[in-house]
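Trainee: let me see the structure of the following:
(one chain, ligands or ions: 1)
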Amino acid sequence: MALTVALIGSGAIGSRIAQLLDAGTAPGVQLAGVVPHGDARTGFSFDDAVGVADVVVECAGVAAVAEFGPRTVNAGRDLLVTSIGALCDSSLRDTLLDGGPGRTFLTTGALGGLDAITAACAGGSIHRITVESRKLPATLLQPWMDGETKAALLAATQPVELLRGGPAELIRAFPKSTNVVSALALAAGNWEVVEAVLIADPAAKHTTHHVVAETSLGTFDIRVTNEASPGNPASSALVPHAVVRGLKTLANASGSFI
Ligand SMILES: NC(=O)c1ccc[n+]([C@@H]2O[C@H](COP(=O)([O-])OP(=O)(O)OC[C@H]3O[C@@H](n4cnc5c(N)ncnc54)[C@H](O)[C@@H]3O)[C@@H](O)[C@H]2O)c1
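Mentor: Residues are numbered from 1 along each chain as shown. Here you go, the predicted model:
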């Protein structure tokens, strides 16, 4: 029987997932519909989504995880989250990861190596994880920055370190850049061991994440250089494929890395 999927969000990631599923790239996975942003009275609503879907896939942002995540798992449907930064909120985290009856899955998204870190957490201990992310300055402008700060960032000719801290500092200042660091904290099972360094680099042709995880079962040095999403320079082209890979695993795990 097919795994029925509903999407929340049809931006760069959601629209690509819909294309991939409609094109039949994930046998055994069927797209039931996409919940539109805004007027829920027209088209496919969230209630329709939880009525028919085995899995609701969030690709709409941190606020959408808080709005729809608890209702999805409470309705006994599974939830696949792309905006993992939302789980910085410990109360939402408890609801989604420890509640139910629906299950919550997290996409590997733009990152590699989460499998090794999770395994090291299960069988040993995580000493420290650092992640240095480099992005184009224009993708890091924030509403709280004044005009002078924004202009200086856009005019920078050298890399500028914008932040060094844990997930909580990052979500306060750069909420759209918290997915990777939150994913690492969840894989480590510890929100205190991860230190993020965020760099605006005018020479960055790609977004890069350099992760060094020091664990009792080994040191993992992971460098990911992502092509930008054609629909959103702040997003990675890899993410929709990571989501579809996850859905394929849920539908039919034979031959999958799990
Ligand atoms: N885990 C990762 O590695 C990773 C990487 C990149 C992006 N992301 C997450 O994926 C999300 C989507 O990324 P994107 O590049 O597609 O962004 P995007 O801005 O291109 O698209 C987001 C879409 O969601 C819609 N939306 C927002 N709130 C909604 C709601 N309440 N109901 C229905 N639709 C809603 C918007 O209208 C928009 O079309 C980002 O917000 C980010 O948090 C995760």
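
Trainee: spit out the contact partners of Val73.
Mentor: 79, 95-96, 99-104 (CB atoms under 8 Å, 6 or more residues apart in numbering). The way it works is simple: take the backbone N, C-alpha and C, and place the C-beta from them, glycine included.

Trainee: repeat the analysis, applying 10 Å as the threshold.
Mentor: Going by CB atoms under 10 Å, 6 or more residues apart in numbering, Val73 touches 50, 56, 79, 95-104.

Trainee: nearest to Ala213, of those residues?
Mentor: Ala213 has its nearest neighbour among the contacts of Val73 in Leu97, at 20.7 Å by CB to CB.

Trainee: show me what from this structure comes close to the ligand.
Mentor: Residues of the chain lying close to the ligand (CB under 6 Å from any ligand atom) are 8-14, 35, 37, 59-62, 64, 67, 82-84, 107, 109-111, 179-180, 229, 231-232, 235-236, 239.

Trainee: quick check: the residue in the stretch 101-250 of the chain that the ligand sits nearest to vs Lys248, distance?
Mentor: Residue of the stretch 101-250 of the chain nearest the ligand, by CB to the nearest ligand atom: Gly109 (2.3 Å). Gly109 sits 16 Å away from Lys248, going by CB to CB, to the nearest Å.

Trainee: about what we covered before: of the residues of the chain next to the ligand, which belong to strands?
Mentor: 8, 35, 229, 232, 235-236 (DSSP state E).

Trainee: farthest-apart pair in those, please.
Mentor: Checking those with CB to CB, the most distant pair is Val35 and Ser236, at 22.8 Å.

Trainee: residues in contact with Leu31?
Mentor: Neighbours of Leu31 in contact, by CB under 10 Å, 6+ apart: 2, 4-7, 17-22, 53, 57, 247.

Trainee: look up phi and psi at Gly33.
Mentor: The phi/psi pair for Gly33 (degrees, to the nearest 10) reads phi 170, psi 170.

Trainee: excluding sequence neighbours, find me the nearest residue to it.
Mentor: Phe44 (3.5 Å; CB to CB, 6 or more residues apart in numbering).

Trainee: list the contacts of the one you found.
Mentor: Phe44 neighbours (CB under 10 Å, 6+ apart): 6-7, 32-36, 52.

Trainee: likewise for Gly9?
Mentor: Here Gly9 is in contact with 15, 17-18, 34-37, 57-61, 64, 68, 82-83 (CB under 10 Å, 6+ apart).

Trainee: please identify, among those, the one with the most neighbours.
Mentor: For the contacts of Gly9, counting by other CB atoms under 10 Å, the largest number of neighbours falls to Val57: 32 neighbours.

Trainee: what about the helices in the stretch 151-258 of the chain?
Mentor: 167-173, 179-188, 238-251 (DSSP state H, counting those that start in this stretch).

Trainee: out of the ones you listed, which gets the lowest mean score?
Mentor: Per-stretch mean pLDDT for those is lowest at helix 167-173 (a mean of 88).

Trainee: can I get that one in CSV, CA atoms only?
Mentor: Coordinates of each C-alpha in helix 167-173 appear next as CSV, following Å, rounded to 0.1, in the frame of the first residue of the first chain:
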residue,chain,number,x,y,z
PRO,A,167,21.6,26.9,19.3
ALA,A,168,19.8,29.4,21.6
GLU,A,169,21.9,32.4,20.6
LEU,A,170,21.6,31.4,16.9
ILE,A,171,17.8,31.1,16.9
ARG,A,172,17.5,34.5,18.5
ALA,A,173,19.7,36.3,16.0
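
Trainee: for that helix, buried residues please.
Mentor: Within helix 167-173, the residues that count as buried by 16 or more other CB atoms under 10 Å are 167, 169-171, 173.

Trainee: can you check stretch 129-143 too?
Mentor: Buried residues in stretch 129-143 (16+ other CB under 10 Å): 129-137, 139-140.

Trainee: list the contacts for the residue of the chain at minimum distance from the ligand?
Mentor: Nearest residue of the chain to the ligand (CB to the nearest ligand atom) works out as Gly11 at 1.7 Å. Gly11 makes contact with 37, 59-61, 229, 231-232, 235 under the criterion CB under 10 Å, 6+ apart.
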